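[1] no sequence for this one, just the structure:
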């Protein structure tokens, strides 16, 4: 590469930067437009603010919930249930995938069960868990875990099987045993697959927890949404959904950062 | 002198649902310490299977292999294997790649690491030890792969089409390079290839194999009237064509 940048290169970089800036501006404009549009149509009563809520009403609700002091306990409940469900689902999923990889017989025997379990809408088991474990956080977390577990197992296991066979042959030629093949080749080469499973699981754990809270209906954002719907307080529903989307996005970026950090470190 | 490798009446059959496939039949030969042996044959003749059997990665259906007088029963630390592609791990630095074999064999000792440093330094990779494989050229990657094999200090090297993933020009240079390193380190080598010219340019003795099931059709001693032969200088020798035609006829290639 040249040390001295040519005028053409400078022009290219300038254009690239300008384009990037334009996209950021358009994104912000779109957000502003949605908020203004929503506020306007409800103010003018083109849409009923009682049913559709509005940005100003959401802010008011948020302040009210905040001053009542109940907001954070609901957010906290949902958040920790999701984080625990996410961690359990991901870790157990990877562990089971490792077991399947270690024993071909085991994976062959379990294959049809996994396929059926994958196709089954896990949420259907929610009422069963509530009966078994009581209407509480344990049942909710169990729903969240079942939602993400099977997908993780299948995805990570498939990733393991796609490990470059020549790399495996290489470590075998050094006399590697099954455990060393796993730790030296299969796990590190499947790192991108596992990161991907992690990202998918962020979304799935939120689904599991919110559905669990719908069913249990005691506390949490899922409860606020169901409750708000039942008493026709759409402001409450919309506020909860908004908080939910912000939290989910934060968690997603957190996982993304974690992945970047790990891959830079190793 | 005990031969470095003795292959005795090796046969190998692969079993599938549709039946048995004979891959090798009654293959026997001997390799002495310090020799460079080439095995050439049409693709699918069981050359790679033969190397895997010598390396102890797969068991023969009948016959046996001895390395320095000892029967091969599993992977042998005296044998180093070089595969078709360099298979460097992208998630490891060059240094970490090179000590992979030592890690697996629990041999990460100060003496071994010093030997690794010495090899990296001698063969010009010391400044790249913290680079990742993608930052190296094809030739340097192949060199790193060779040092990875040499790090565990094997006496015998098995080269399985080790250069076939490289483009022609790089391949000529890399073969020359790797050959010199192997000779300098005083290793015995068995190389399998389908490239007649490559086999002749590197080997001191050449075995020509038949189509599947692979048997040895011919053994040729390759001698050039040059001092300190290298693969490149061998290619220029007048005898080269003679050997080429001899092997070509024996291989009996039809399209």
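    Done, it's in. Owing to the predicted nature of the structure, the values given are computational and were not obtained by experimental measurement.

[2] list the contacts for the closest residue in space to residue B:43 that isn't next to it in sequence?
    In space, and not counting its chain neighbours, residue B:43 is closest to residue B:194: 5.4 Å by C-beta to C-beta, 6 or more residues apart in numbering or on different chains. For the C-beta atoms, the positions are set from N, CA and C on the backbone; glycine is no exception. Taking C-beta atoms under 8 Å, 6 or more residues apart in numbering or on different chains, we find residue B:194 in contact with B:40-43, B:47, B:161, B:164.

[3] Just the ones in helices from those residues, please.
    Among the contacts of residue B:194, the members falling in helices (DSSP state H) are residue B:47.

[4] What about residue 179, how many residues nearby?
    The chain I'm using is chain A. 9 (other C-beta atoms under 10 Å in any protein chain shown).

[5] Wait, chain B was what I had in mind.
    Neighbour tally, residue B:179, other C-beta under 10 Å: 20.

[6] Not counting sequence-adjacent ones, nearest residue to residue A:224?
    residue A:240 (4.4 Å).

[7] Do I have it right that the one you found meets residue A:228?
    Yes: counting by C-beta atoms under 8 Å, residue A:240 touches residue A:228, with 6.8 Å between them.

[8] the more surrounded of the two?
    residue A:240 (28 against 20).

[9] Could you pull up the residues touching the more buried one?
    Contacts of residue A:240 (C-beta under 8 Å, 6+ apart): A:74, A:221, A:224-225, A:228.

[10] what do you get for residue A:130?
    A:139, A:215-216.

[11] Would you mind listing the buried residues in the helix or strand hosting it?
    Per DSSP states H and E: residue A:130 is located in helix A:126-133. If you call a residue buried by 16 or more other C-beta atoms under 10 Å in any protein chain shown, then helix A:126-133 has these buried ones: A:126, A:129-130.

[12] And the next helix or strand past it?
    Helix A:126-133 is succeeded, C-terminally, by helix A:137-161 (DSSP H and E).

[13] List the buried residues in that following helix.
    A:137-157, A:159-160.

[14] what's the angle from it to helix A:126-133?
    Per axes from the mean of the first three to the mean of the last three C-alpha atoms, to 10 degrees, the angle that helix A:137-161 makes with helix A:126-133 is 120 degrees.

[15] And helix A:137-161, what does it pack against?
    Applying 3 or more C-beta pairs under 8 Å, 6 or more residues apart in numbering or on different chains; DSSP states H and E, we find helix A:137-161 packed against helix A:71-102, helix A:104-119, helix A:126-133, helix A:191-216.

[16] Is there proximity between the next helix or strand after that helix and chain B?
    Per DSSP H and E, the first helix or strand lying C-terminal to helix A:137-161 is helix A:165-173. Yes: judged by C-beta under 8 Å from any C-beta of the partner chain, helix A:165-173 comes into contact with chain B at A:166-167, A:169-173.

[17] got the domain boundaries for chain A?
    A:7-47, A:60-265 (automatic domain parsing).

[18] Show the backbone phi and psi for the residue lying closest to residue B:84 once chain neighbours are set aside.
    With C-beta to C-beta, 6+ apart as the criterion, residue B:84 has its nearest non-adjacent residue at 4.6 Å, and that residue is residue B:161. Backbone torsions of residue B:161, given as degrees, to the nearest 10, read phi 50, psi 40.

[19] residues in contact with residue B:161?
    B:48, B:84, B:192-194 are the contacts of residue B:161 under C-beta under 8 Å, 6+ apart.

[20] Which one among those sits at the bottom for pLDDT?
    Across the contacts of residue B:161, the smallest pLDDT goes to residue B:84, namely 82.

[21] Helix, strand, or coil at that one?
    coil (DSSP: H, G, I helix; E, B strand; the rest coil).

[22] wait, doesn't it sit right on residue A:164?
    No: contact between residue B:84 and residue A:164 fails when scored by C-beta under 8 Å: they sit 11.7 Å apart.

[23] what about the longest helix in the chain?
    By default, I'm working from chain A. Max-length helix for chain A by DSSP H is helix A:7-43.

[24] nope, chain B please
    helix B:168-184.

[25] residues in contact with that helix?
    B:36, B:123, B:137-139, B:142-143, B:146, B:150, B:157, B:162-164, B:166, B:189, B:198, B:201-202, B:230-232.

[26] Output the contacting helices and strands for the helix-or-strand element of chain A with minimal mean pLDDT.
    Lowest by mean pLDDT, DSSP states H and E among the helices and strands of chain A is helix A:49-52, with a mean of 88. The contact analysis (3+ C-beta pairs under 8 Å, 6+ apart) places helix A:49-52 against helix A:7-43, helix A:234-265.

[27] chain center to the first one: distance?
    When you say that, I think you mean helix A:7-43. In this view, helix A:7-43 has its centroid 27 Å away from the chain centroid, taken as C-alpha atoms, centre = their mean, to the nearest Å.

[28] Likewise for the shortest one?
    Relative to its chain's centre, helix A:234-265 lies at 8 Å (C-alpha atoms, centre = their mean).

[29] what comes up buried for that helix?
    For helix A:234-265, by 16+ other C-beta under 10 Å, it's A:234-244, A:247-248, A:251, A:255, A:259.

[30] what angle do that helix and helix A:71-102 make?
    Going by the same axes, to 10 degrees, helix A:234-265 makes 40 degrees with helix A:71-102.
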